[in-house]
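# Turn this into a structure:
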Amino acid sequence: MKRILPLLIILFFIFLLNGYVLSGIHTLSYSPYVTPIFWLAIVLITAAVIYGTQRLRQHGLDLFFKIASHMAITLVVSELIMVMMLFLGDAYGLITGTPRNVRWVEASFMLMLFTIFLFVYGMIFGKYNYKVIEHTLYFEDLPESFDEFKLVQISDIHAGSFNNPKAVQRGIDLINRQHADLFVFTGDLVNNKAEEIKPWISYFSQIRAPYGQFSILGNHDYGDYIKWGTEAEKTANLNQLKAYHKDLGFRLLLDEHVHIKKDDQHIVLAGVENWGIGFGERGDLKRALSNTTDREFKILLSHDPTHWEAQVKSYIPNVQLTLSGHTHGMQFGLEAFGIKWSPVKYRYKHWAGLKTENNSVININRGFGFIGFSGRIGIWPEITVIKLKKIR
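Below is the predicted model of the structure:
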């Protein structure tokens, strides 16, 4: 009974939601075919999701479940938007004593169709709609030799989600066209298993920069979100993933730092293991920055931006620049016309782009890949280009 009750509640919610949507459609059409066709579609999609969920235990996250679940997500979100519009119109009609406004219902229905279009676009095109975002950052303590130094950051590749080699290659080519001095990757190479990156090694190994390619681990890289036969299997998976970083040509930084030297000067590039509130606090910032001084210019790679909020921005010696990812901008939102909004803001106050506090700057990359929802709407995959400038 405990297992059946949640399912019954969900089915009841689906019935109410679709019943209200159908009432709106009936306002626009009195065809006798509308009701049976509508409910047949809802029943088929619901059954596909239930069946796909049962398959998860035997087949994992397969194509059938992805298609069924994405159809359901698209339908539910679009219907919720129509329902909210319908409710506002019906509430106004109830207060004023006027009948349901057909024009308002038409607008509600068109908004639902537009939402479906956005989701389809996001799943087919949006997830590979790579955007280059450029920042120029000014620092008083930047070594003279590093004035005009350019670095490229990507984050959250999530290789297990890719299904379009040509599109991924387009993203790689766009990275290389930035002609960066330094390349950094800030974690989440895979969704769960090291083997996910294997088909893509030949792609990402094309990335080269004169001063090197460096990387860190993200929360998904540890294999925490799936079941393993033994702890030894999980450990072996992580070790294999670390080896793949080397195959990619990435120097993996594990609570350590290196000196990036130019002429007779250097900057510190440090990287920590994943540290994030609610996502595992593995990283050791003190160890990563051991033997560094206030006089050195420091760039820190830390996957989760909550690390910067909790520790980095107030750390001594000062970390001038932190590069993070993790949030993906939730792969859904609006960044246009002066608006910057995503539902992820209710989990992370600062979720993308630059923020400065205590003379410490963080950049949160929106992610190169995708996970969960196989698409992006309004929050596009990002290639960050950062140019360092010295204040004279």
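# domain assignment for the chain?
4-123, 127-390 (automatic domain parsing).
# and the last one, average pLDDT?
Yep, that's domain 127-390 we're talking about. Mean pLDDT, computed over domain 127-390, is 97.
# from the middle of its chain, how far away would that domain be?
Averaging C-alpha positions (Cα atoms, centre = their mean, to the nearest Å) puts domain 127-390 12 Å from its chain's average.
# again with the shortest one
Taking Cα atoms, centre = their mean, one finds the center of domain 4-123 at 26 Å from the center of the full chain.
# what about residue 111, distance to residue 102?
Separation of residue 111 from residue 102 (Cβ to Cβ, to the nearest Å): 15 Å. Every C-beta, even on glycine, is put in place using the N, C-alpha and C of the backbone.
# Please identify which of the two sits among more neighbours.
The residue with more neighbours, out of residue 111 and residue 102, is residue 111; 15 against 11, by other Cβ atoms under 10 Å.
# So what touches the one helix or strand the more buried one maps to?
Using DSSP states H and E, residue 111 sits in helix 102-124. Residues from elsewhere that reach helix 102-124 (Cβ atoms under 8 Å, 6 or more residues apart in numbering): 21, 24-25, 27-28, 70, 73-75, 77-79, 81-82, 85-86, 89, 331-332, 373-377.
# Got a quick ChimeraX command for the buried subset of those?
Applied in ChimeraX, the following selects the buried portion of the contacts of helix 102-124 according to 16 or more other Cβ atoms under 10 Å:
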select :21,24,25,27,70,73,74,75,77,78,79,81,82,85,86,89,331,332,373,374,375,376,377
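# So what touches stretch 208-218?
For stretch 208-218, with Cβ under 8 Å, 6+ apart as the criterion, the contacting residues are 151-152, 155-156, 176, 180-189, 207, 241, 245, 248-254, 258, 260, 262, 269, 271-274, 301-304, 325-326.
# so residue 319 touches residue 312, yeah?
Yes - with contact taken as Cβ atoms under 8 Å, residue 319 and residue 312 are classed as touching, separated by 5.3 Å.
# So which elements touch the longest helix seen in the chain?
Longest helix in the chain, counting residues (DSSP state H): helix 63-96. Counting by 3 or more Cβ pairs under 8 Å, 6 or more residues apart in numbering; DSSP states H and E, the packing neighbours recorded for helix 63-96 are helix 4-28, helix 34-59, helix 102-124.
# So what does the residue nearest the centre of the chain look like in phi/psi?
Centroid-nearest residue in the chain: residue 328, 2.2 Å away (criterion: Cα atoms, centre = their mean). When read as degrees, to the nearest 10, the backbone of residue 328 gives phi 60, psi 0.
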